[in-house]
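1. Starting from these lines, generate the structure:
(2 chains)
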Amino acid sequence: DAGVIQSPRHEVTEMGQEVTLRCKPISGHDYLFWYRQTMMRGLELLIYFNNNVPIDDSGMPEDRFSAKMPNASFSTLKIQPSEPRDSAVYFCASSTTSGASTDTQYFGPGTRLTVL
Amino acid sequence: GQQLNQSPQSMFIQEGEDVSMNCTSSSIFNTWLWYKQEPGEGPVLLIALYKAGELTSNGRLTAQFGITRKDSFLNISASIPSDVGIYFCAGLDNNAGNMLTFGGGTRLMVKP
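-> Residues are numbered from 1 along each chain as shown, chains lettered A, B, ... in the order given. I've put the predicted structure just below:
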């Protein structure tokens, strides 16, 4: 398997612009997680899905952030409008509740977002 | 909420030395995971622990799931320069959905 795929790897945008981050989980995984990583706050869970349904979005910082999972192989995290304080590395991870590696989360390479 | 205290925050060691880092929690976890993150990459799973008392090795890495379920350690023997990176512990509480709680990370630097 190719692992978790994220795009783009790097995004530079101006304040106020809309940003869309994309994730393709590992095939067969039924959980998908979005994280944000900064030097100050470390790894923070933003939202996670189970079978394409959002389960917990309590980590989403504010209404400017939204996430969707229209099908089992694709998810997006959108920021609109973006602000400089949103600059961070955003990771997507997926896991499965079956098999030998139950609950183990596998991370994508991340998207480094810079908002000017 | 649950918190994981990971120590040390950073280590600067000589190549060939052994390394030990640990995580403690205020509450019980059902699963402990150890990840390594290199610059510009996502965390990569090193070892997964599913049972209290479990001791698992992966090459030069050894990790243990504490008997109280509230702690775990990771040892690296005979460190090499490519061990450089940030090591994270993470705990999973099945009663809290499938969410992981991460430690703050241990930054490891190895001097050749």
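
2. going forward, measure contacts and count neighbours with C-alpha atoms only.
-> Will do.

3. Quickly list what the residue positioned nearest the centre of chain A is bridged to.
-> The residue lying closest to the centre of chain A (CA atoms, centre = their mean) is A:W34, at 3.0 Å. Beta-bridge partners for A:W34, by DSSP bridges, are A:I47, A:C92.

4. swap in A:F65?
-> Assigned bridge partners for A:F65, using DSSP bridges, are A:I79.

5. Could you pull up the residues touching it?
-> By CA atoms under 8 Å, 6 or more residues apart in numbering or on different chains, the contact set of A:F65 is A:77-80.

6. closest to chain B among the residues you listed?
-> Nearest to chain B, judged by CA to the nearest CA, of those is A:L77 at 17.0 Å.

7. ok, and what's touching the helix or strand harbouring that closest one?
-> Assigned by DSSP states H and E, A:L77 belongs to strand A:74-79. The contact list for strand A:74-79, computed with CA under 8 Å, 6+ apart, reads A:18-25, A:34, A:64-69.

8. What is the nearest of these to chain B?
-> Among those, and counting by CA to the nearest CA, the member closest to chain B is A:W34, at 10.8 Å.

9. and the closest one, what is it in contact with?
-> A:45-48, A:77, A:90-93.

10. neighbour-wise, which of those residues leads?
-> Using other CA atoms under 10 Å in any protein chain shown as the neighbour criterion, A:C92 leads these with 32 neighbours.

11. re earlier: need the contacts of A:W34 in TSV (columns: pLDDT).
-> Shown next, in TSV, are the contacts of A:W34 (pLDDT from 0 to 100):
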residue	pLDDT
A:L45	91
A:L46	94
A:I47	94
A:Y48	94
A:L77	98
A:Y90	98
A:F91	97
A:C92	97
A:A93	95
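
12. Near residue 33, how many other residues are there?
-> The chain I'm using is chain A. Residues lying near A:F33 (other CA under 10 Å) number 26.

13. Please refer instead to chain B.
-> When neighbours are defined as other CA under 10 Å, B:L33 has 26 of them.

14. neighbouring strands for the helix or strand it falls within, and are they parallel or not?
-> With elements taken from DSSP H and E, the one containing B:L33 is strand B:31-37. Sheet pairing of strand B:31-37 (DSSP bridges) gives strand B:44-49 (antiparallel), strand B:85-92 (antiparallel).

15. what about the first one, average pLDDT?
-> It refers to strand B:44-49. Across strand B:44-49, the average pLDDT comes to 93.

16. Identify the bridge partners of B:R107.
-> Beta-bridge partners recorded for B:R107 (DSSP bridges): B:S10, B:I86.

17. Make sure it is actually in contact with B:S10.
-> Yes: counting by CA atoms under 8 Å, B:S10 is a contact partner of B:R107 at 4.4 Å.

18. check contacts around the closest residue to chain B within chain A.
-> Chain B sits closest to A:P109 of chain A, with a gap of 4.4 Å, by CA to the nearest CA. Applying CA under 8 Å, 6+ apart to A:P109 gives the contacts A:4-6, A:9, A:91, B:40-43.

19. So which bits of chain B are right by chain A?
-> Residues of chain B lying close to chain A by CA under 8 Å from any CA of the partner chain are B:33, B:40-45, B:48, B:98, B:102, B:104.

20. how does it look with 10 Å?
-> B:31-33, B:35, B:37, B:40-45, B:47-50, B:88, B:92, B:94, B:97-105 (CA under 10 Å from any CA of the partner chain).
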